[in-house]
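*Asks:* Please find the sequence and the predicted model below.
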Amino acid sequence: MTKATIINQQQQLKESLIKNGFKAAALNPGPDLTYFTGLDFHLMERPVIGIFPTEGTPILILPELEQQKLNELDYEIRVFFYTEDQSTWQAVITNALIETGLESGNLGVIPRRLRLLEFKYLEEALPEMDILSAQPIISSLRMVKGDHEIEMMQEAARIAECALSATLSAIKPGVTEKEIASKLVGRLLHYGSDPELPFFPIVSFGPNSANPHATPSNRVLKLGDLVLIDWGANTEHYFSDITRTFAMGDVNPELEQIANFVRKANAAGRSAVKPGIPTSAVDLAARKVIDDAGYGEYFIHRTGHGLGRETHEEPYISQFDDTILKPGMVFTIEPGIYLPNRGGVRIEDDVVVTEDGCMSLTHYPRELTQLFFED
């Protein structure tokens, strides 16, 4: 990210915190801290905390071993380092927070990210502050993507689709789910994905495809199996997340039928997307196709989720969520039908809301493609 982008995002955060009655936000390693600093830190046994006050300069509290990450920093931020002597950590953190002028009021944190480790240090340093969730504030800032973010996600989708195309020839009777998943990972890296994948690919054969979040196993592919693949790539911390389902030779006619219903539900969901409508309307449009086909009880998850620096982020495309869609929001459309002990079909696309509808960032064929092999 450019200096201008980072400063602008920090200013937006400051304004939103003030508007919502917060004195500061405290972020630990993850997509939010990277979004507001352009710096990468990982969760470890040593605490890392970014403090973004509504008055004054942001600060970082870091172990000394992270110093080199700041060598080319081109915007203002105060840094407080601590050594390997754990007995000094609380004092360093308390001193850093006192110097920001924080004493009382509301401190915003991200509940699904902040660990007890950092929480205890913050609580000890700021006993008069109320530590509250700032999740809605920060999620609203990250929910609408800019042009560069969308370009990165388009590239992540392109890489993912190229990697799958290069992997399909390896899918034949006798291979295991683990073997195909590992080949796909190699192809993702070969075609340009950054090493930190959004998630390890889901590759599930036959009855395992009825488990939406199956883990690749040693199950061997057989003729007549469905092959469900859920995978994605990473370009500069922006992710793609795609699912396609294939047939290993001829499959049971009912499995072909549910694949057709899921494809139509996916199309209905994409067609429903436009600015100004609630996310629930998109979910219901896709769900209606499957309900009308008589398979509603086998569509057991929401229609989609936001996508960006996280594979699951706001907005959520659920019948129970009424977030209003705006241009620039990116999310998945991924209806599915899962028949226990038989097989499942999911078709997942990544879409961005435009001024009058949506544009799909993913283009891989959505039909149930039959895989062929040579003996």
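*Replies:* That came through fine.
*Asks:* any idea how far the closest residue to residue 351 other than its chain neighbours is from residue 326?
*Replies:* Once flanking residues are discounted, residue 351 sits nearest to residue 358: 4.4 Å by C-beta to C-beta, 6 or more residues apart in numbering. (Each C-beta comes from the backbone N, C-alpha and C, glycine too.) Here the distance between residue 358 and residue 326 works out to 12 Å (C-beta to C-beta, to the nearest Å).
*Asks:* Also residue 82?
*Replies:* 41 Å.
*Asks:* And those two? Which one has more around it.
*Replies:* A direct count of neighbours by other C-beta atoms under 10 Å for residue 82 and residue 326 places residue 82 higher, at 19 against 12.
*Asks:* Wait, the more buried one touches residue 94, no?
*Replies:* No: look at residue 82 against residue 94 with C-beta atoms under 8 Å: they stay out of range, at 11.2 Å.
*Asks:* Which strands and helices lie in contact with the helix or strand harbouring residue 123?
*Replies:* Counting by DSSP states H and E, the element that carries residue 123 is helix 116-125. Packed against helix 116-125, as judged by 3 or more C-beta pairs under 8 Å, 6 or more residues apart in numbering; DSSP states H and E, are the following elements: strand 49-53, helix 89-99, strand 105-109, strand 129-133.
*Asks:* Give me whichever of these is most buried.
*Replies:* Most buried of those by mean neighbour count (mean count of other C-beta atoms under 10 Å) is strand 49-53; its value is a mean of 24.
*Asks:* Which strands and helices lie in contact with whichever helix or strand comes after that strand?
*Replies:* Next in sequence after strand 49-53, counting helices and strands by DSSP H and E, comes strand 59-63. Strand 59-63 sits against strand 49-53, strand 78-82, helix 89-99, with contacts defined as 3+ C-beta pairs under 8 Å, 6+ apart.
*Asks:* and the last one, C-alpha only, in PDB?
*Replies:* Once side chains and other backbone atoms are set aside, the C-alpha atoms of helix 89-99 remain, and they are given as PDB (Å, rounded to 0.1, in the frame of the first residue of the first chain):
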ATOM      1  CA  TRP A  89       6.800  -6.200  29.000                       C
ATOM      2  CA  GLN A  90       4.000  -4.800  31.100                       C
ATOM      3  CA  ALA A  91       6.100  -1.700  31.900                       C
ATOM      4  CA  VAL A  92       6.900  -1.000  28.300                       C
ATOM      5  CA  ILE A  93       3.200  -1.500  27.300                       C
ATOM      6  CA  THR A  94       1.900   0.700  30.100                       C
ATOM      7  CA  ASN A  95       4.400   3.500  29.300                       C
ATOM      8  CA  ALA A  96       3.500   3.400  25.700                       C
ATOM      9  CA  LEU A  97      -0.200   3.800  26.400                       C
ATOM     10  CA  ILE A  98       0.300   6.500  29.000                       C
ATOM     11  CA  GLU A  99       2.300   8.500  26.400                       C
END
